[in-house]
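A.B. asks: give the three-dimensional model of this entry:
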Amino acid sequence: MVNNLVVCGGTFDHFHKGHEKFLNFALSIGRKIIVGLTSDKYLRNSKFIHSVSRSTVSSDRIGSGQDLELIETFTQRENAVLEFVKKEQALDRIELIKIDDLFGPTLSKDLLIDAVVVSDDSKKGADIINQRRKELGLSLLKVLVASPVKAEDGKLISSARIRDGEINRVGRLYVKPAWLKTDLVLPEDLRQKFKEPMGVLYQEINPKNEKNSPCIISVGDETSKKFNENSVRQNISVVDFKVARKEKFSSFSELGFEGNENVITVSNPRGHITSDLFNAILKVFKSDFKNRIILKVTGEEDLAVLPLILAAPLGTIICYGQPNKGLVKVTVSTTIKDRAYDLVSKLRPI
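C.D. replies: Purely as a prediction, here's the structure:
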């Protein structure tokens, strides 16, 4: 049955395949669709973040204040939805409006709304809307549930998982399961390509400017030492006691560590990304970061930046040295993750 007017809504952060299916479902059952897009003000409301986010018409999880900082702005989210609507040639059927609360236009007596479209985990929001409509003497809305979309690993695609750095917008895992079981080696003919900076190259990075970032990683002994000297208190440090492939340090204290860090030792030869390294990095990102973490590499950490990028949440800052050129600062984004994924995919399993 086709309904005349259908409403739906959400945050639509990091617009993904699940959002596409959600809106296509609304289009399939309604002649006219009103899409409520949560405002930045709505997202900043602590009551929304902690009490309502998991029961509204959006299936996206919004958690801590840091998580909130990683959500795209209203304009970015609006543009992503409009781009999709144009692609579907549905501009004449979809009206996109900004909403500052759960209800949006659903309590209007001037709109003859037939149904509300929700995701499976957001039906409670529709129940709240219908309860308020009942109190106002309005007819109850039909509640229609859009089917979920699963990622490569069988779990649901969500903006939260994208922000956490687990998957991309179509649900592809950034860390292939095979990489957790097999060591990878860099072919000789690709070594030059892998020397290209993954981020912005600086002659000098001011460590003090990095202190407010949600997660900071230093890769390399000299970089880690400099950060420690400047009290950056980076969350993760990757060291191998070598500089320019020559043994230089013999203890963590020489690098300025305090001695209360959690130390994880991993094996990783030069030009390799071992399954040991991949598994250790994933373990690190699942930790609570109550203590700073040192990944001590037995071998060399020359390619460690790549698995760090693939496993890190968006917004993570990774700093590492570029021999004879300076320091590279990587701010992890979906674009950087895609580049790292392509590079690691070129390594040869052994």
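
A.B. asks: where does pLDDT dip in the stretch 1-150 of the chain?
C.D. replies: Residue ranges of the stretch 1-150 of the chain with pLDDT under 70: 1, 46-69.

A.B. asks: try it again with 50
C.D. replies: 46-66 (pLDDT under 50).

A.B. asks: hey, where'd the strands end up in it?
C.D. replies: For the stretch 1-150 of the chain, applying DSSP state E, counting those that start in this stretch gives strands covering 3-10, 30-38, 94-99, 115-119, 142-146.

A.B. asks: for the stretch 201-350 of the chain, same thing?
C.D. replies: 216-219, 236-239, 242-243, 246-247, 262-268, 272-273, 293-299, 317-322, 326-331, 348-349.

A.B. asks: mind checking the ones you listed for the one nearest to Leu27?
C.D. replies: Closest approach to Leu27 among those (CB to CB): strand 326-331, 36.0 Å. (Glycine included, C-beta is placed from N, CA and C.)

A.B. asks: who does the closest one pair up with?
C.D. replies: Strand 326-331 pairs in its sheet with strand 200-202 (antiparallel), strand 317-322 (antiparallel), by DSSP bridges.

A.B. asks: burial count for the closest residue in space to Ser213 that isn't next to it in sequence?
C.D. replies: Leaving aside its sequence neighbours, Ser213 sits nearest to Ile317 (CB to CB, 6 or more residues apart in numbering; 4.5 Å). Using other CB atoms under 10 Å, the number of residues around Ile317 comes to 22.

A.B. asks: Leu27 too?
C.D. replies: Neighbours of Leu27 under the rule other CB under 10 Å: 18.

A.B. asks: chain neighbours aside, what residue packs nearest to it?
C.D. replies: Ala90 (5.8 Å).

A.B. asks: swap in Phe15?
C.D. replies: Leaving aside its sequence neighbours, Phe15 sits nearest to Ala80 (CB to CB, 6+ apart; 3.7 Å).

A.B. asks: now do the contacts for the one you found.
C.D. replies: Shown in contact with Ala80 (CB atoms under 8 Å, 6 or more residues apart in numbering): Phe12, Phe15, Glu72.

A.B. asks: out of those residues, grab the one that's most surrounded.
C.D. replies: Neighbour counts for these, by other CB under 10 Å, peak at Phe12, which reaches 25 neighbours.

A.B. asks: doesn't His19 make contact with that residue?
C.D. replies: Yes: with contacts counted by CB atoms under 8 Å, Phe12 reaches His19, the gap being 5.5 Å.

A.B. asks: between these two, what contacts are shared?
C.D. replies: Common contact partners of Phe12 and His19 (CB under 8 Å, 6+ apart): Val81.

A.B. asks: Thr331 and Pro323, how far apart?
C.D. replies: Separation of Thr331 from Pro323 (CB to CB, to the nearest Å) stands at 22 Å.

A.B. asks: likewise Val232?
C.D. replies: As judged by CB to CB, Val232 and Pro323 stand 22 Å apart.

A.B. asks: let me see the domain layout of this protein.
C.D. replies: Annotated domains of the chain cover 3-163, 177-349 [automatic domain parsing].

A.B. asks: what's the span of the shortest one, first residue to last?
C.D. replies: By that I understand domain 3-163. 35 Å (CA to CA, to the nearest Å).

A.B. asks: repeat that for the longest one.
C.D. replies: When the termini of domain 177-349 are compared using CA to CA, they are 13 Å apart.

A.B. asks: show the average pLDDT along it.
C.D. replies: Looking at domain 177-349 alone, the average pLDDT works out to 93.

A.B. asks: could the domains of the chain go into JSON lines alongside distance to Gly171?
C.D. replies: Output for those, formatted as JSON lines (distance: least, CB to CB, whole Å):
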{"stretch": "domain 3-163", "distance to Gly171": "3"}
{"stretch": "domain 177-349", "distance to Gly171": "13"}
